[in-house]
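>>> Sequence first, then the predicted structure:
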Amino acid sequence: MSVIGHKYWTIFVVVLAIVISGILYCEFTACLDEDLIVLESPFAFEEVSSPLVVKGKARGTWFFEASFPVRLFDDNGKELAVVPAQAKTDWMVTDFVEFEAELNFATPATRKGYLVFEKDNPSDLPEYANQIKVPVSFNLQASSKQTVKLYYYNPDNDKDSSGNIMCSRQGLVSVERQISYTAIPIQDAIRLLLQGNLTASELASGITTEFPLQGVELIGASLKNGILTLEFKDPQNKTGGGSCRVEILWFQIEAVAKQFPGVESVSFIPEELFQP
């Protein structure tokens, strides 16, 4: 090959490499879809750890009922977490709407992974489906624990001017505990609450609890459109009783759940539970 031919071949290879790099980059980023979603954090290829807070803005058409799914995968395609990204303002517009989500996940098996921003498509029709992938890298050395608040009850904080117990949320007191990062931190925190393990110093400060209640278990949870539904098992009807008692029991569970992003209200099933 002549010197001139070799020169042009080198230029061709360099240009081809640049083009291929651009294609691969755009395959995993919103570089061609910035008219749909613009990310504030994380950036493409940013190192992340749990909990991962995702912020940005998306067209209102990307939402349904004020949310859309955000999924996190490792490099093997294993789903690590999925949460609804919640609109922070009115979503029934065509302009950009700010959103935020928090993903909790266990330590992944791979160094690399990717986020998927999935257009909410209640019809399930393929012509309305869309998604954007953003590559990330995982900080495998990050802490595997997170701090959560458990809410118990101190009757001394819940009295009116006459000294009567008001049976209100005013008596709730938070204590901090450490739990492992998993895909179900809300359930993990509530299950820890139900164990009722108060320290000696917490008991001495006046904090009380009726937990654990024999046979009472949390067996599942679902979060949709800001409403968290908790499913319990209570074969011995230990969650029943007087109105003051059942309200205090429920207030504790509700407060633990509401500390997590995306939870606006909390309900329970079966409906026969927590009844006077």
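Good, I have the coordinates.

>>> All the strands of the stretch 101-250 of the chain, in order from the start?
112-118, 131-138, 145-153, 172-180, 217-224, 227-233 (DSSP state E, counting those that start in this stretch).

>>> can you redo those strands as CSV with mean neighbour count, mean pLDDT and distance to residue 196?
To be clear about C-beta, it is placed using only N, CA and C from the backbone, and glycine gets the same treatment. Output for these, formatted as CSV (neighbours: other CB atoms under 10 Å; pLDDT from 0 to 100; distance: least, CB to CB, whole Å):
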stretch, mean neighbour count, mean pLDDT, distance to residue 196
strand 112-118, 19, 97, 37
strand 131-138, 19, 95, 35
strand 145-153, 18, 93, 8
strand 172-180, 15, 94, 11
strand 217-224, 14, 95, 13
strand 227-233, 17, 97, 15
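
>>> Need the pLDDT of residue 26.
For residue 26, the pLDDT comes out at 47.

>>> Over to residue 23?
Residue 23 is given a pLDDT of 42.

>>> what do you get for residue 191?
Residue 191 is given a pLDDT of 97.

>>> Next: residue 99.
At residue 99, the pLDDT value in this model is 97.

>>> now residue 8
According to the prediction, residue 8 has pLDDT 49.

>>> rewinding a little: include distance to residue 251 when you put the strands of the stretch 101-250 of the chain into CSV, please.
Formatted as CSV, those follow (distance: least, CB to CB, whole Å):
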stretch, distance to residue 251
strand 112-118, 35
strand 131-138, 37
strand 145-153, 7
strand 172-180, 6
strand 217-224, 16
strand 227-233, 14
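
>>> mind checking which of these is nearest residue 163?
Residue 163 lies closest, by CB to CB, to one member of the strands of the stretch 101-250 of the chain: strand 145-153, at 16.7 Å.

>>> what's the nearest residue to residue 199 if we skip its chain neighbours?
Nearest residue to residue 199, sequence neighbours excluded (CB to CB, 6 or more residues apart in numbering): residue 175, at 7.8 Å.

>>> beta partners of that neighbour?
Beta bridges link residue 175 to residue 150 when assigned by DSSP bridges.

>>> List the contacts of it.
By CB atoms under 8 Å, 6 or more residues apart in numbering, residue 175 lies in contact with 149-152, 198-199, 202, 207.

>>> I figured residue 157 was touching residue 168, is that so?
No - the pair residue 157 / residue 168 is not scored as a contact, 9.6 Å apart, by CB atoms under 8 Å.
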